[in-house]
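Chemist: sequence? don't have it. structure:
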């Protein structure tokens with residue numbers, strides 16, 4: 001009874017506030033609260049999500065204008081909830097995170113908890129169970145601090161559903177039973193109903209049909225005692241029909257199936273009749289409107305005094321009850337506060353220390369990844385560039401294989417570093433799978449050649465079984481395929497010392513345009529125990545500490561293989577026994593491709609464009625200067641080198657160049673600042689950025705300074721020449 005009185009007071013207050021807002025609309029047109037109210041009204045009452053988004057975005061603008069962080073966070077939270085209901089999960093996640101980053105995390109609040117809960121639901125819809133669990137746990141911690149037990153039961157229901165999806169049925173059952181036992185509030189009966197339904201579904205999966213029927217009957221009874229949700233009733237009838245059928249009770253199965261069909265038909269008729277009757281009701285309503293208004297006026301004048309008296313009585317009783325409860329609560333809290341104040345202070349100190357440690361570790365990790373990204377790419381540029389130049393010098397036949405292996409290994413190392421540094425990108429499904437022409441036979445032979453020394457060191461007999469009926473010219477992602485094969489071959493060789501390794505590639509299916517190819521890497525090494533085979537594909541997992549100490553390695557290889565194959569629409573299969581070796585296999589579908597042109601054939605049509613062209617190279621690294629200059633001069637392009645941003649600006653003022661190649665990281669004025677200065681007096685000459693791009697840089701950021709294109713170090717010669725040709729061609733056309 002007391003709860004209902006409190007709700008009544010809140011409704012009267014809310015109604016008065018809303019009326020005052022509308023009456024003074026002109027005075028508070030710049031109010032964030034006003035636009036949040038209008039946005040919520042459009043979402044809840046009108047179901048107009050377009051207007052809801054529009055007004056919420058206006059609230060965001062005014063919150064930013066007035067520098068109101070709390071209102072801005074509330075606006076982001078409302079927009080996140082709108083996008084979640086529209087099933088735009090990525091946008092909802094973005095705005096939930098924005099809200100969390102603004103709220104004061106040192107002061108737990110229901111809005112922060114609601115934001116974490118919303119993130120958990122978004123990731124659960126995206127089937128990202130691990131992230132969902134993390135955010136549900138964060139929400140639970142806050143609700144516990146706020147003593148908001150009803151909300152905790154809602155989260156526990158979500159946790160149980162996650163356990164069910166993971167097939168951890170016993171843990172899910174335990175949580176769901178606790179939910180049904182802990183809910184006594186009538187407002188949460190729908191949650192209790194859902195918990196019983198989930199218990200019934202788990203028992204159906206476990207083929208315990210009698211137990212499932214008991215839970216589903218409890219769900220039906222609970223639903224009838226609450227709002228009798230039609231959609232929940234349909235689910236319960238359908239599940240009961242299936243359970244009785246599995247339990248060989250045909251009569252009951254047919255009974256609930258008939259109830260399900262009748263309920264479905266009645267819902268359809270309800271919506272059909274409503275649409276048909278809308279016009280008739282509208283005409284009748286218009287005719288009776290004046291009469292009703294007149295009657296209302298007469299009744300209001302008679303009931304005004306009586307209603308006012310009742311309202312005063314109700315409010316008085318409610319206020320007395322609330323004050324009594326508050327007094328009792330304050331008395332109890334005062335006693336508890338004295339005993340727990342010291343403990344809370346100690347816990348706060350511990351939390352502050354842990355927070356500072358976490359923030360420090362996060363910053364250190366970001367700085368480390370940024371530094372490693374730049375520092376590893378720079379020397380790799382020298383390795384790949386010098387290898388390319390040596391291959392252009394017509395090396396001896398005895399040297400050619402070594403140089404090709406070095407070129408292949410350098411390119412693989414670059415891609416491997418990229419995958420290690422961007423492991424989060426792999427997990428978030430943002431990796432783009434290329435579709436380019438490549439030769440499968442050539443790719444496979446290069447991989448085996450690159451392992452020549454490793455094979456010799458481990459005394460391995462390597463057997464390459466390549467199906468000669470395969471059309472080797474394919475269209476796909478050779479880099480990702482190389483990474484898969486190299487990781488699998490590396491493991492096979494490493495764990496099969498003095499043994500044999502077989503690499504088998506054969507055609508599975510073929511159509512006019514596509515080929516399905518079967519890949520198998522087999523060894524007769526130490527093998528993998530049965531109890532370790534599921535965990536072996538986890539990141540940084542190698543089966544045991546002893547294996548790590550004996551054989552080394554990071555434990556990322558198989559994890560990366562699994563993730564890449566999933567992105568390519570395939571999966572890895574493992575068959576292994578301890579002491580008898582392991583077999584890894586997978587299948588991939590490729591489009592039939594065309595034979596690749598040689599590098600000279602790609603460059604030759606543009607050779608005349610390079611003659612008498614002048615390029616300004618702004619680069620402080622001596623090795624990179626030498627490599628880039630050699631590559632330009634080999635195509636007949638004149639190149640002048642400047643090693644700092646200040647001199648580059650002056651040189652661009654004095655002389656005209658067809659193209660400027662600008663390193664981003666320079667001593668003094670960096671490449672972006674130098675580009676901005678050059679653009680003040682020269683908007684025509686193309687400027688291409690050369691950068692070992694770090695975590696703090698991106699292509700859009702560099703282009704915003706006036707650069708035309710970005711070439712990432714270490715760059716591939718073909719891509720480098722393609723970009724240079726593009727802009728030298730555009731310069732020649734503009735001059736003509």
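Modeler: In hand now; what should we look at? Only a predicted model underlies this, so the values are computations on that prediction, with no experimental measurement involved.
Chemist: list the buried ones in the helix or strand in which residue 175 is found?
Modeler: According to DSSP states H and E, residue 175 maps onto helix 169-182. Neighbour counts over helix 169-182 (16 or more other C-beta atoms under 10 Å) mark 172, 173, 175, 176, 179, 180, 182 as buried. To be clear about C-beta, it is placed using only N, CA and C from the backbone, and glycine gets the same treatment.
Chemist: how about the residues you listed in a markdown table, adding distance to residue 376?
Modeler: Formatted as a markdown table, those follow (distance: C-beta to C-beta, whole Å):
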| residue | distance to residue 376 |
| --- | --- |
| 172 | 45 |
| 173 | 50 |
| 175 | 46 |
| 176 | 50 |
| 179 | 50 |
| 180 | 55 |
| 182 | 53 |
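Chemist: which one of those residues is nearest residue 573?
Modeler: Relative to residue 573, the closest of the buried residues of helix 169-182 is residue 172; by C-beta to C-beta it sits at 28.9 Å.
Chemist: please enumerate the strands of this structure.
Modeler: With DSSP state E as the criterion, the chain has strands at 436-439, 461-466, 473-476, 500-510, 514-523, 573-577, 581-592, 614-618, 638-642, 659-663, 687-691, 709-712.
Chemist: and these: which comes nearest residue 135?
Modeler: The nearest among the strands of the chain, by C-beta to C-beta, is strand 573-577 at 32.3 Å.
Chemist: neighbours around the spatially closest residue to residue 497 that is not a sequence neighbour, how many?
Modeler: Nearest residue to residue 497, sequence neighbours excluded (C-beta to C-beta, 6 or more residues apart in numbering): residue 458, at 4.7 Å. When counting by other C-beta atoms under 10 Å, one arrives at 19 neighbours for residue 458.
Chemist: what's near enough to touch residue 458?
Modeler: Counting by C-beta atoms under 8 Å, 6 or more residues apart in numbering, residue 458 makes contact with 493, 494, 496, 497, 498.
Chemist: against residue 204, how distant is the closest residue to the last one other than its chain neighbours?
Modeler: Leaving aside its sequence neighbours, residue 498 sits nearest to residue 459 (C-beta to C-beta, 6+ apart; 4.8 Å). Residue 459 sits 56 Å away from residue 204 when distances are taken as C-beta to C-beta, to the nearest Å.
Chemist: tell me which of those two has more neighbours.
Modeler: More crowded of residue 459 and residue 204, by other C-beta under 10 Å: residue 204, with 19 against 10.
Chemist: correct me, but the more buried one touches residue 241?
Modeler: No: with contact defined as C-beta atoms under 8 Å, residue 204 does not reach residue 241; the gap is 11.6 Å.
Chemist: for residue 80, what are its contacts?
Modeler: By C-beta under 8 Å, 6+ apart, the neighbours of residue 80 are 91, 92, 93, 94, 95, 96, 98, 99, 115, 118.
Chemist: for residue 518, state which of the residues you listed is nearest.
Modeler: Minimum distance to residue 518 across these is 38.6 Å, recorded for residue 93 (C-beta to C-beta).
Chemist: residue contacts, the closest residue to that closest one other than its chain neighbours?
Modeler: Nearest residue to residue 93, sequence neighbours excluded (C-beta to C-beta, 6+ apart): residue 122, at 5.0 Å. By C-beta under 8 Å, 6+ apart, the contact set of residue 122 is 84, 89, 92, 93, 96.
Chemist: the second one touches residue 124, doesn't it?
Modeler: It stands for residue 89. No: in this structure, residue 89 is not within contact of residue 124 by C-beta under 8 Å, at 9.6 Å.
Chemist: just the helices in the stretch 151-300 of the chain please.
Modeler: 169-182, 189-205, 209-225, 230-246, 250-392 (DSSP state H, counting those that start in this stretch).
Chemist: how about those helices in JSON lines, adding distance to residue 657 and mean pLDDT?
Modeler: As requested, the helices of the stretch 151-300 of the chain are exported to JSON lines (distance: least, C-beta to C-beta, whole Å; pLDDT from 0 to 100):
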{"stretch": "helix 169-182", "distance to residue 657": "68", "mean pLDDT": "86"}
{"stretch": "helix 189-205", "distance to residue 657": "69", "mean pLDDT": "86"}
{"stretch": "helix 209-225", "distance to residue 657": "76", "mean pLDDT": "87"}
{"stretch": "helix 230-246", "distance to residue 657": "69", "mean pLDDT": "86"}
{"stretch": "helix 250-392", "distance to residue 657": "22", "mean pLDDT": "68"}
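Chemist: count residues in the vicinity of residue 326, would you?
Modeler: Residue 326: 10 surrounding residues under other C-beta under 10 Å.
Chemist: scratch that, residue 240 is what I was asking about
Modeler: Neighbour number of residue 240 under other C-beta under 10 Å is 24.
Chemist: what about it, distance to residue 214?
Modeler: To residue 214, residue 240 is 11 Å away according to C-beta to C-beta.
Chemist: cool, residue 118 as well?
Modeler: 34 Å.
Chemist: quick check: chain neighbours aside, which residue is closest to residue 440?
Modeler: Excluding the flanking residues, the one nearest residue 440 by C-beta to C-beta, 6+ apart is residue 472, at 4.8 Å.
Chemist: look up how far residue 502 lies from that neighbour.
Modeler: 20 Å.
Chemist: just put the strands of the chain in CSV and tack on mean pLDDT and distance to residue 165.
Modeler: CSV is the format used below for those (pLDDT from 0 to 100; distance: least, C-beta to C-beta, whole Å):
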stretch, mean pLDDT, distance to residue 165
strand 436-439, 89, 37
strand 461-466, 92, 41
strand 473-476, 90, 32
strand 500-510, 94, 32
strand 514-523, 95, 31
strand 573-577, 92, 23
strand 581-592, 93, 25
strand 614-618, 95, 55
strand 638-642, 94, 59
strand 659-663, 95, 50
strand 687-691, 91, 43
strand 709-712, 88, 39
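Chemist: residue 118 and residue 214: which is more packed in?
Modeler: Comparing residue 118 with residue 214 by other C-beta under 10 Å, the one with more neighbours is residue 118, at 23 against 16.
Chemist: show the contacting residues for that one.
Modeler: Contacts of residue 118 (C-beta under 8 Å, 6+ apart): 77, 80, 81, 84, 92, 96.
Chemist: could you measure from residue 580 over to residue 167?
Modeler: Using C-beta to C-beta, residue 580 is found at 29 Å from residue 167.
Chemist: more neighbours, these two?
Modeler: Neighbour totals were compared for residue 580 and residue 167, and residue 580 leads with 13 against 9 (other C-beta under 10 Å).
Chemist: mind listing what the more buried one touches?
Modeler: Counted by C-beta under 8 Å, 6+ apart, residue 580 has contacts 524, 527.
Chemist: make it 10 Å
Modeler: Listed by C-beta atoms under 10 Å, 6 or more residues apart in numbering, the contact partners of residue 580 are 523, 524, 525, 526, 527.
Chemist: what's the closest of those to residue 47?
Modeler: residue 527 (60.3 Å).
Chemist: pLDDT value on that closest one, please?
Modeler: Looking at residue 527, its pLDDT is 89.
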